[in-house]
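K.L.:
coords please:
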Amino acid sequence: MLYNSPNMTPENAPAVEPQPAGMGEFSRITGVFFEPKKAFADIAQRPRWIVPMVLVIVAIIAVTTTMSQHIGWERMFRQQAQTNSRMQQMDPQAREQAIAMQIKFASVGGYAAAVIGVPIYDVILAAVLLGIAGGIMSGGMRFKQVFAIVCYSGLPGVLSAILTIVVIFVKNPDEFNFANPLAFNVGAFMDPTTSSKFAYSFATSMDLFSFWTIFLIATGLKAAAGKKLSFGGALLAVVLPWALYVLGKSAIAGAFS
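P.N.:
Coordinates of the predicted model:
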């Protein structure tokens, strides 16, 4: 026998609140630049990463192609050789052979670095940040969340790539600084031929886009951790490995350049 309870009629059944729709990819991308807190809250809740990674890879390939066509690998590597004391001390024939090898590698390596290097870099960085923010600091986030945060935080690099391409077309090829194309860091105001290699490498790392990326990653980690991690703690989790990387890179530049 069928029985209908008076408490379960359609009129007095509890209404189910609709779930808020997530942000689309375009809204996420623009949000990273203009509303990072809102964008990363959505990214942490729905961690997708393919679109930002593809954009970064395409941007790097575009810069590499533009450099090779409008500046030329030979010009760029000869410019680097002029600021490298070890290259200057080499026998002229050995130096020419070294430059020839660099040109040969760059024609393939530049594109491989974009397609293979970007995913590997993002995976390693996400693992390090997860260990610090999620493990040591007990942030409680998942790897997929941190990986998506890292991928979206790389989007300022797309803007940097666009500006670099503009500089390539506007500037005289002989005056283009391959190692430091944009004047958004302290190193742009130093002479690489007379400055300490350690100091110059360190100064080039004091870069607007690097600081921007650090801020975005910290914002994303805070969004993923919620109340388990303060923004200051998230910022420390990003700055610590970055500082170690910069010091290590600068020390290597000082020792081998």
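
K.L.:
drop to CA atoms for contacts and neighbour counts, all remaining ones
P.N.:
OK.

K.L.:
Surely residue 254 is in contact with residue 195?
P.N.:
No - look at residue 254 against residue 195 with C-alpha atoms under 8 Å: they stay out of range, at 10.5 Å.

K.L.:
And those two? Which one has more around it.
P.N.:
residue 254 (16 against 12; other C-alpha atoms under 10 Å).

K.L.:
And the more buried one, how far from residue 209?
P.N.:
For residue 254, the distance to residue 209 equals 23 Å [C-alpha to C-alpha, to the nearest Å].

K.L.:
and what of residue 81?
P.N.:
The separation that residue 81 has from residue 209, given C-alpha to C-alpha, amounts to 26 Å.

K.L.:
any idea what sits nearest the most centrally placed residue in the chain, other than its immediate chain neighbours?
P.N.:
Central residue of the chain (C-alpha atoms, centre = their mean): residue 154, 3.7 Å from the mean position. Closest residue to residue 154 apart from its sequence neighbours, by C-alpha to C-alpha, 6 or more residues apart in numbering: residue 213 at 6.5 Å.

K.L.:
Packing partners of the helix or strand hosting the one you found?
P.N.:
For residue 213, the element it lies in under DSSP states H and E is helix 208-225. Secondary-structure packing of helix 208-225 (3 or more C-alpha pairs under 8 Å, 6 or more residues apart in numbering; DSSP states H and E): helix 36-45, helix 143-153, helix 156-170, helix 231-256.

K.L.:
any chance of those helices in JSON lines, plus mean pLDDT and distance to residue 128?
P.N.:
Putting the helices and strands packed on helix 208-225 into JSON lines (pLDDT from 0 to 100; distance: least, C-alpha to C-alpha, whole Å) gives the following:
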{"stretch": "helix 36-45", "mean pLDDT": "96", "distance to residue 128": "17"}
{"stretch": "helix 143-153", "mean pLDDT": "97", "distance to residue 128": "10"}
{"stretch": "helix 156-170", "mean pLDDT": "94", "distance to residue 128": "20"}
{"stretch": "helix 231-256", "mean pLDDT": "91", "distance to residue 128": "8"}
